[in-house]
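Q: Got a predicted structure here, sequence first:
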Amino acid sequence: MPELPEVEIIKNNLSDYLIDKTFHSIEVFTNKLRYKIPHNLAESIKNQRVTDISRIAKYIIVDLENKYSLLIHLGMTGNFLINAQKMGHNDNKHVRLRFKMSDQSEIDYIDIRKFGFFKLVNPQKVEIKKLKAELGPDALSDEFDIKYLQESLKNRVTNIKSALLNQKIVGGIGNIYASEALFRAKISPMMESGKVVKNKIKTGDLISSIKFILHDAIKVGGSTIRDHKNLKGESGYFQYKFNVYNRENMICNSQNCSAKIKKIVQTGRSTFYCTKCQKMGNR
DNA sequence: AGCGTCTCCTGCTTGC
DNA sequence: TGCAAGCAGGAGACGC
C-alpha cells in the first residue's frame, strides 16, 4: 500500500485529527508487528498531548509534549481508521493497536501483514537522527535535484528501477510510482543507473517525472490497490491513472503507441513498462 | 560499498 | 468446489 503519496495523505489526516489531542490509553491486540511493541509505549504516551506530526520518506513521526515521539512505518498494509467502531466498521480482525484519546475518540491501527512498526523515540531523537542520516533526500524535496542524482548514481551499475526503490538514494518512492515515473520519463527500467544520469536532460526528465507523479497521486488521494484508505475509510483514485503498473499485456496509453505493456521482475519486484516508449538508448 | 536473494506475515488470485 | 502455489504496495539481514 503505502508509498510517499499514501503516507503523506495519512500524515495529513493524522495531523488534522490528532494535533492538540491527548492520548489516554492503548489497547494492544498483537504484541509483535515488524518489531515488538515497546513495553513502555502505553505509559510513555499516556496523558501526552500531540504537538506535531511529520513525515520522513515513508515514515510518520508523532511528537508528544514530553518530547518523546512515535516513529511509525506502515509496512505494506498498515493504515489508520478514526472511530471505526462508531462509524460502523466492525471488521476488527486486523486491528493491531487501538489508541484511545482523552476526548473519547479512537484511532485504530490496522495492518493485515504486520510489516508495519511503532518505535518510541526518546527526547534525544537518536533514532530519527540516524534515520535522516541513512535515508536519501525526500523525493519531493528541493534537495532531490539533478546535481544530487547525478552524483549519487554516476557509478551505480544496478538498473534504474531498483535504484529508485533504494531509500538510501531517494526517500519515498515504492514499486508502483517507480514504474509510473519511468514511463513518464520515457526511460527503460532496465537501463543502468550510471548511464541514465550521464545525460543531464534524461536526469532532469526523471526527477520532474517523479515529482509530477507523486504530486498528482497526492492530489487524487493516493492509490487504492487493496486496502489503502484515508482515515475516514475513503479510497484514493490514482490507480485509475496508472499507465503501466498492473497493466501487463494491455495497450500502452501513449498517443500513437500500440505496444503492449510488459511485466518483468527486477530484484524480486515486478516492474511494468512499455517496450516502445521506454528506450534503453540516448534520446 | 554495492548488489541480489531471502524473509517476515496474511490474504487474495490463479491454475489444476 | 477444493486445494496448493504464487503473488502482493516495504525494508532489513545476509552472503558474495
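A: Ah, there it is.
Q: Tell me which residues touch the nearest residue to A:Gly221 once chain neighbours are set aside, please.
A: Leaving aside its sequence neighbours, A:Gly221 sits nearest to A:Gly236 (CB to CB, 6 or more residues apart in numbering; 3.5 Å). Every residue, glycine included, has its C-beta placed from N, CA and C. Counting by CB atoms under 8 Å, 6 or more residues apart in numbering, A:Gly236 makes contact with A:Pro5, A:Glu6, A:Ile9, A:Ala217, A:Val220, A:Gly221, A:Gly222, A:Ser223, A:Thr224, A:His228, A:Lys229, A:Asn230.
Q: count of residues packed around the residue of the stretch 101-250 of chain A found nearest DNA strand B?
A: Residue of the stretch 101-250 of chain A nearest DNA strand B, by CB to the nearest atom of the strand: A:Arg113 (3.2 Å). Per other CB atoms under 10 Å, the neighbour tally for A:Arg113 reads 13.
Q: what does A:Ser258 give?
A: Neighbour tally, A:Ser258, other CB under 10 Å: 8.
Q: correct me, but it touches A:Met250?
A: No - contact between A:Ser258 and A:Met250 fails when scored by CB atoms under 8 Å: they sit 11.2 Å apart.
Q: which parts of the stretch 151-283 of chain A sit against DNA strand B?
A: For the stretch 151-283 of chain A, the contact set with DNA strand B under CB under 7 Å from any atom of the strand comprises A:Asn155, A:Arg156, A:Val157, A:Thr158, A:Asn159, A:Ser162, A:Ala163, A:Asn166, A:Ser193, A:Arg226, A:Thr267, A:Gly268.
Q: Where does the prediction get shaky in chain A?
A: Across chain A, the ranges flagged by pLDDT under 70 are A:1, A:226-228, A:282-283.
Q: mind listing the helices in it by residue range?
A: Applying DSSP state H to chain A gives helices spanning A:4-18, A:41-45, A:126-134, A:146-153, A:160-165, A:175-185, A:193-196, A:200-219.
Q: got the CA positions of the first one in CSV?
A: Extracted in CSV, the C-alpha atoms of helix A:4-18 (Å, rounded to 0.1, in the frame of the first residue of the first chain):
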residue,chain,number,x,y,z
LEU,A,4,5.1,8.5,-0.3
PRO,A,5,1.7,9.8,-1.5
GLU,A,6,-0.3,7.5,0.7
VAL,A,7,1.9,8.2,3.7
GLU,A,8,1.7,11.9,3.0
ILE,A,9,-2.2,11.7,3.0
ILE,A,10,-2.3,9.6,6.1
LYS,A,11,0.1,12.0,7.8
ASN,A,12,-2.0,15.0,6.8
ASN,A,13,-5.2,13.2,8.1
LEU,A,14,-3.5,12.4,11.3
SER,A,15,-2.3,16.0,11.7
ASP,A,16,-5.8,17.3,11.2
TYR,A,17,-7.2,14.9,13.6
LEU,A,18,-4.6,14.3,16.3
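Q: That helix to helix A:200-219, inter-axis angle?
A: 40 degrees (axes from the mean of the first three to the mean of the last three CA atoms, to 10 degrees).
Q: And DNA strand C, is helix A:4-18 touching that?
A: Yes - looking at helix A:4-18 against DNA strand C by CB under 7 Å from any atom of the strand, the contacts come from A:Glu6.
Q: Same check on the last one?
A: No - taking CB under 7 Å from any atom of the strand as the criterion, helix A:200-219 and DNA strand C are apart, separated by no less than 10.8 Å.
Q: re earlier: distance check, the residue nearest to A:Gly221 against A:Leu14.
A: Per CB to CB, to the nearest Å, A:Gly236 is found 16 Å from A:Leu14.
Q: same check, this time on A:Lys36
A: Taking CB to CB, one finds A:Lys36 at 23 Å from A:Leu14.
Q: quick one: which of those two has more around it?
A: Neighbour count, other CB under 10 Å: between A:Lys36 and A:Leu14, A:Leu14 has more, with 20 against 11.
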